[in-house]
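**Q** Predicted model and sequence below, questions to follow.
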Amino acid sequence: MVVVQRNEVSRNKVIYFLAIVLSAVVVFDGFVGFSQRSQVGQLVYVLLDLAGVLAIVLSLIQLFAHPKRSQVLLIQRDEEIVIATNALHEGFKLRFLRDILGDNVESFSDEDRARWKSLETDGFYAAFAVRSVRKLIMLRLCTMIFDDVFAVDRSNRWEHHDASNTPEPTFSKREMPRLTSWQSK
């Protein structure tokens with residue numbers, strides 16, 4: 001598996017768009033100049049047009065398959081922090097966090113799973129909880145891994161760290177994600 005840095009993903013989008021434009025020009029030129037060429041020239045134009053159509057299709061697939069922003073919720077309770085993410089396919093990131101935090105990671109009991117089940121209606125899935133880890137360390141780790149980090153403390157104060165451009169944001173905003181099912185848990 002290849003993990004692409006955040007700034008490379010936006011560069012790749014530009015490359016895919018330019019490939020579509022260039023391929024469209026090649027295909028258009030092939031259709032316009034096809035009847036004026038010899039048989040060998042027509043064969044070359046047909047091959048170029050096929051390559052152009054293939055490049056357009058592959059570039060469109062890459063543009064539409066672009067992953068959405070990865071978000072994580074850090075919900076601080078008494079002595080633990082619950083970690084919930086917006087995508088189930090972020091398993092490698094969660095395994096990385098588990099490896100770093102080691103013995104501080106706790107699995108959920110059935111009661112805990114039922115308690116955090118309401119987050120699933122908003123697209124977030126509670127993954128695990130950690131004990132005896134400072135909030136600052138969790139924020140640092142999560143901003144290095146996820147695009148958006150939302151943290152809430154015991155008094156229901158929200159922080160949003162946008163780490164999509166840099167893993168070290170200089171400030172946080174006081175906003176919470178769109179959660180319809182959130183009540184101070």
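**A** Received it, and whenever you're ready, just let me know what you need. Numbering: from 1, shown residues only.

**Q** How is this protein divided into domains?
**A** 6-64, 71-162 (automatic domain parsing).

**Q** roughly how far is the first one from the heart of the chain?
**A** This means domain 6-64. 28 Å (CA atoms, centre = their mean, to the nearest Å).

**Q** do the same with the longest one
**A** Centroid separation between domain 71-162 and its chain, computed with CA atoms, centre = their mean, is 16 Å.

**Q** got the buried residues for the helix or strand hosting residue 95?
**A** Using DSSP states H and E, residue 95 maps to helix 91-101. By neighbour count with 16 or more other CB atoms under 10 Å, helix 91-101 contains the buried residues 93, 94, 97, 101. (Each C-beta comes from the backbone N, C-alpha and C, glycine too.)

**Q** and of the domains of the chain, who's closest to residue 172?
**A** domain 71-162 (4.4 Å; CB to CB).

**Q** Do me a favour and get the end-to-end distance for that closest one?
**A** 9 Å (CA to CA, to the nearest Å).

**Q** now swap in stretch 128-147 and tell me
**A** 19 Å.

**Q** what mean pLDDT does it have?
**A** Averaged across stretch 128-147, pLDDT comes to 85.

**Q** Could you do stretch 108-119 as well?
**A** 84.

**Q** who's in contact with it?
**A** Under the criterion CB atoms under 8 Å, 6 or more residues apart in numbering, residues 73, 82, 84, 125, 126, 128, 129, 179, 181, 185 lie in contact with stretch 108-119.
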